[in-house]
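Chemist: Provide a 3D model corresponding to the input given below.
(one chain, ligands or ions: 1)
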Amino acid sequence: MRKIIPVYVRVPVLFALVFMAMEYFIDSGEKPAFIEYPMVSVFLFVFLFTQIAIEIVISAMDKITYAILTEEQKKQLAETEAMGITETAWYKKLKGFFTKSKPIEEEDTIILDHDYDGIKELDNVLPPWWVYLFYITIIFSVIYLVRFHIYGGYTQEEEFQKEMAEAKIAVEEYKKTAKDLVSAETVTLLTESGDLASGKEIFNTNCAACHRADGGGGIGPNLTDAYWILGGGIKNVFTTIMEGGRDGKGMVAWNGTLKPSEIQQVSSYVLSMQGTNPPDAKAAEGEIWQDETEAPTTEEGAENADDKDATEETAADTEEELQVAQN
Ligand code: HEC
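Modeler: Sure thing, here's the model as predicted:
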């Protein structure tokens, strides 16, 4: 066997297998195991060292044994080494075990005595590899029967439900980490100072021109009061910034410029300015928004659409101001 796979293949392949097994079985997060845990590197190094040492010792031993062989034995060894693997004794034994086929010389012992125009038939036994496989399936079926039909294991239906539940949890987990999947339905108010600081930066670069840095309002409405044209609360504000205000008012959709996660940050920042009451703030526009604890349902969404019509007049002022500003 050692002769078939040369040492320069054997050592690296075995090492690679052990290396992959370590990476597979050791949970090391993002980084590979041998970087995360130095002990793994030490182990791999010792393993490689031992592997090489064993190879050296074996080859030295081979040389010594060869030196003490008689001429006769040396000749025999040379002959066995010259043989291909299909001629070696262990290969023949293995093949015999799995196939039990008769060698050609002994075929006359199993030949059937009919002869169809010179076509003869041999009465070979079933090949053992096939027979053993068959026995295994029988044993398997008995275990399966007892486990699932007599002692009532889980049904396919239950298995399906369980996997679906697991998948649902996995999807939730994924959504938590994938920030840019936030949508108007899933958006939440961020309160961490890091997020608010990013939100402020985004606001100052993109929004302050129309809403003023303190949110007091200019071309755009006052964002610090409790009155909202397009609806307050994180979900409405997020939607407004994503999709823009009413046509021709000047508030464009920002979903092409900013990522959903950034819009979530800036929405949270906008809402953090509630009640700050900056000097010279623009007069209130729209309606007082009462924050509900529950997420707005589709029905409420429809109501908001009505609100939009109701506030059309106040918005008209905004439009005029915008035109003034553009001129
Ligand atoms: C070109 C000027 C302009 C810029 C820039 C601008 N807005 Fe506006 N914004 C407006 C106008 C005008 C409205 C009123 C829209 C309407 O009446 O439909 C508005 C409305 C809003 C509203 C809804 C207010 C309410 O009362 O319902 C929010 C929230 C808002 N803007 C946030 C932002 C944010 C955040 C940015 C930056 C990413 C931004 N705006 C950039 C002009 C602007």
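
Chemist: longest single strand anywhere in the chain?
Modeler: strand 111-116 (DSSP state E).

Chemist: can you give me the mean pLDDT across that strand?
Modeler: The average pLDDT within strand 111-116 is 83.

Chemist: Can you list the strands that the helix or strand following that strand pairs with?
Modeler: Counting by DSSP states H and E, the element after strand 111-116 in chain order, helix or strand, is strand 119-122. Sheet pairing for strand 119-122, assigned by DSSP bridges, gives strand 111-116 (antiparallel).

Chemist: quick one: buried residues of the partner strand?
Modeler: For strand 111-116, a neighbour-count test (16 or more other Cβ atoms under 10 Å) marks nothing as buried. C-beta coordinates here come from the backbone N, C-alpha and C atoms, glycine included.

Chemist: How about residues contacting it?
Modeler: With contacts defined as Cβ atoms under 8 Å, 6 or more residues apart in numbering, strand 111-116 is touched by 120-123.

Chemist: which residues touch the closest residue to I288 other than its chain neighbours?
Modeler: Distances taken as Cβ to Cβ, 6 or more residues apart in numbering place A226 nearest to I288, at 5.2 Å, with adjacent residues excluded. The contact partners of A226, by Cβ under 8 Å, 6+ apart, come to 232, 274-275, 284, 288-289.

Chemist: Now do the helices in this structure.
Modeler: 7-25, 33-36, 38-67, 71-82, 89-99, 128-144, 156-177, 193-206, 208-211, 233-243, 260-272, 298-310, 312-326 (DSSP state H).

Chemist: packing partners for the second one?
Modeler: In this case it means helix 33-36. Under the contact criterion of 3 or more Cβ pairs under 8 Å, 6 or more residues apart in numbering; DSSP states H and E, helix 33-36 touches helix 7-25, helix 38-67.

Chemist: Export the ones you listed as CSV, with columns for distance to the ligand and mean neighbour count.
Modeler: Converted to CSV, the helices and strands packed on helix 33-36 look like this (distance: least, Cβ to the nearest ligand atom, whole Å; neighbours: other Cβ atoms under 10 Å):
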stretch, distance to the ligand, mean neighbour count
helix 7-25, 45, 13
helix 38-67, 48, 12
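
Chemist: These into TSV, with extra columns for mean pLDDT?
Modeler: Formatted as TSV, those follow (pLDDT from 0 to 100):
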stretch	mean pLDDT
helix 7-25	91
helix 38-67	92
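
Chemist: how about the ones you listed, which one is nearest K100?
Modeler: Closest of those to K100 is helix 7-25, at 32.3 Å (criterion: Cβ to Cβ).

Chemist: elements contacting that closest one?
Modeler: Short answer (3+ Cβ pairs under 8 Å, 6+ apart): helix 7-25 packs on helix 33-36, helix 38-67.

Chemist: What lies in contact with it?
Modeler: For helix 7-25, using Cβ under 8 Å, 6+ apart, the contacting residues are 2, 5, 32-34, 40, 43-44, 47-48, 51-52, 55, 59.

Chemist: Keeping just the C-alphas, turn that helix into PDB.
Modeler: Taking Å, rounded to 0.1, in the frame of the first residue of the first chain, the C-alpha atoms of helix 7-25 are listed here in PDB:
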ATOM      1  CA  VAL A   7       5.500   9.900   0.300                       C
ATOM      2  CA  TYR A   8       5.200  13.400  -1.400                       C
ATOM      3  CA  VAL A   9       1.500  12.700  -1.900                       C
ATOM      4  CA  ARG A  10       0.900  10.900   1.400                       C
ATOM      5  CA  VAL A  11       2.200  13.500   3.700                       C
ATOM      6  CA  PRO A  12       0.500  16.600   2.300                       C
ATOM      7  CA  VAL A  13      -2.800  14.800   1.700                       C
ATOM      8  CA  LEU A  14      -3.000  13.500   5.300                       C
ATOM      9  CA  PHE A  15      -2.000  16.900   6.600                       C
ATOM     10  CA  ALA A  16      -4.600  18.600   4.500                       C
ATOM     11  CA  LEU A  17      -7.300  16.200   5.700                       C
ATOM     12  CA  VAL A  18      -6.400  16.800   9.400                       C
ATOM     13  CA  PHE A  19      -6.300  20.600   8.700                       C
ATOM     14  CA  MET A  20      -9.800  20.500   7.100                       C
ATOM     15  CA  ALA A  21     -11.200  18.400   9.900                       C
ATOM     16  CA  MET A  22     -10.000  21.000  12.400                       C
ATOM     17  CA  GLU A  23     -11.500  23.800  10.500                       C
ATOM     18  CA  TYR A  24     -14.800  21.900  10.200                       C
ATOM     19  CA  PHE A  25     -15.200  20.800  13.800                       C
END
